[in-house]
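Enquirer: please find the sequence and the predicted model below.
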Amino acid sequence: MLNHYLKISPEVSEALTQRKPVVALESTIIAHGMPYPKNVETALAVENIVRKNGATPATIAIIDGKLCTGLSEKEIRHLGKLGQKVVKVSRRDIPFILSKGITGATTVASTMIIASIAKIPIFATGGIGGVHRGAESSMDVSADLQELANTSVAVVSAGAKAILDLKLTLEYLETFGVPVVGFKTDEFPAFYSRTSGLGVDYRIDKVDELAHILFTKWNLGMKGGVLIANPILKKDQMKFNSINQAIDEAILIAEKKGIKGKKITPFLLEKIGKLTEGKSLDANIQLVYNNAKLAAKIAVAFAKERKKYNF
């Protein structure tokens, strides 16, 4: 029945059939995360990085009512040109977008769902959603966190988006049993910068060890994902205090304008980009590249684990 909704590209299908490493990639970053044409350039560059590091990229979106796993360059360019005209799709939206037969860009949560259906266990993104600042009164918590608790996909990211309440985000993940692993770091990265003052659950320095941990978790039948926190490279990071100043200013503007819900994240990212004169966008792009590289290496190592144990 699921095959009725799922459309896998020939390249990704062949890789999955041959049990080769595949890395899932989201599409909200194309439609809502960056301006055109930088969004398209970044998406295509990310795919090339995944390939260069031994895995097959599977950019995911909903196209004409199908769960598309592995977009063509034409489809990526189409999403990029449409930008925020494309519907932003999280878990709750999937059945409606499919039923209407329209196109939607997938968030971390919906990308995880589709990757899981397609049996792709490794996913690279920029930063996950989380608990928003002021959530004690707004109750604004991203669906990404519940998806990490329930869907067995490992997410490689530069932490959670810096516009969020990082401390409460980590508390939420702990409550729902989601392991937060720092790759070569003891500290949870703050998206644009490497430091947040907050710790991770475990530090892992080797890709093979990380792949073995993922294999062990899922081989035990323990459902749910793992958040792999991969800090932005030192040469690409922004100063913690300066980026937080821009974030605070952007949030204040959003509050005055009454911007909430799905519109808040793309609005804040765009406003922060202007306030930092494009530096935040540059950092965002570089951290995505860094995450794609690590995810591909993990996918390669995980494929070896599966082959070793015939899993």
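Expert: Good, I have the coordinates. All figures in this text were calculated on a predicted structure; none of them were measured in a lab.

Enquirer: how about the nearest residue to residue 126, chain neighbours excluded?
Expert: Distance criterion C-beta to C-beta, 6 or more residues apart in numbering; nearest residue to residue 126, sequence neighbours excluded, is residue 288 at 4.8 Å. In short, each C-beta sits where N, CA and C put it, glycine included.

Enquirer: wasn't the one you found part of a helix?
Expert: Yes: applying DSSP: H, G, I helix; E, B strand; the rest coil, one finds residue 288 inside a helix.

Enquirer: state the pLDDT value of it.
Expert: Reading off the confidence values, residue 288 has pLDDT 98.

Enquirer: go ahead and confirm it touches residue 42.
Expert: Yes: taking contacts as C-beta atoms under 8 Å, residue 288 lies within contact range of residue 42: 6.5 Å.

Enquirer: what about the two, which has more around it?
Expert: residue 288 (26 against 23; other C-beta atoms under 10 Å).

Enquirer: contacting residues for that one?
Expert: Shown in contact with residue 288 (C-beta atoms under 8 Å, 6 or more residues apart in numbering): 29, 42, 46, 124, 125, 126.

Enquirer: the third one in helix, strand or coil?
Expert: When the structure is reduced to helix, strand and coil (three-state DSSP), residue 46 reads as helix.

Enquirer: quick check: it touching residue 295?
Expert: No: counting by C-beta under 8 Å, residue 46 does not reach residue 295; the two are 9.7 Å apart.

Enquirer: residues that sit against both of those two, list them.
Expert: Shared between the contact lists of residue 46 and residue 295 (criterion: C-beta under 8 Å, 6+ apart) are residues residue 124.

Enquirer: wait, residue 226 touches residue 217, no?
Expert: Yes: Residue 226 lies in contact with residue 217 (C-beta under 8 Å); the separation is 6.8 Å.

Enquirer: find residues that contact each of these two.
Expert: Counting by C-beta under 8 Å, 6+ apart, the common neighbours of residue 226 and residue 217 are residue 179.

Enquirer: where do the helices of the protein begin and end?
Expert: For the chain, the helices defined by DSSP state H occupy 10-17, 28-31, 38-52, 73-82, 94-100, 108-117, 135-138, 143-150, 166-175, 207-219, 240-257, 264-275, 279-309.

Enquirer: so which of the ones you listed comes closest to residue 60?
Expert: The closest of those to residue 60 is helix 108-117. By C-beta to C-beta, the value is 4.9 Å.

Enquirer: circling back: now render the contacts of residue 288 as JSON lines, adding distance to residue 140 and pLDDT.
Expert: Converted to JSON lines, those look like this (distance: C-beta to C-beta, whole Å; pLDDT from 0 to 100):
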{"residue": "29", "distance to residue 140": "20", "pLDDT": "94"}
{"residue": "42", "distance to residue 140": "27", "pLDDT": "97"}
{"residue": "46", "distance to residue 140": "28", "pLDDT": "98"}
{"residue": "124", "distance to residue 140": "25", "pLDDT": "98"}
{"residue": "125", "distance to residue 140": "20", "pLDDT": "98"}
{"residue": "126", "distance to residue 140": "19", "pLDDT": "96"}
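
Enquirer: can you pick the most crowded of those?
Expert: Comparing those by number of neighbours (other C-beta under 10 Å), residue 124 comes first, having 31 neighbours.

Enquirer: who's it bridged to?
Expert: The partner list for residue 124 in beta bridges (DSSP bridges) reads residue 25, residue 156.

Enquirer: so who does it touch?
Expert: Residues near residue 124 by C-beta under 8 Å, 6+ apart: 23-25, 46, 50, 155-157, 288, 291-292, 294-296.

Enquirer: can you check residue 272 too?
Expert: Taking C-beta under 8 Å, 6+ apart, we find residue 272 in contact with 163, 243, 246, 247, 250, 280.
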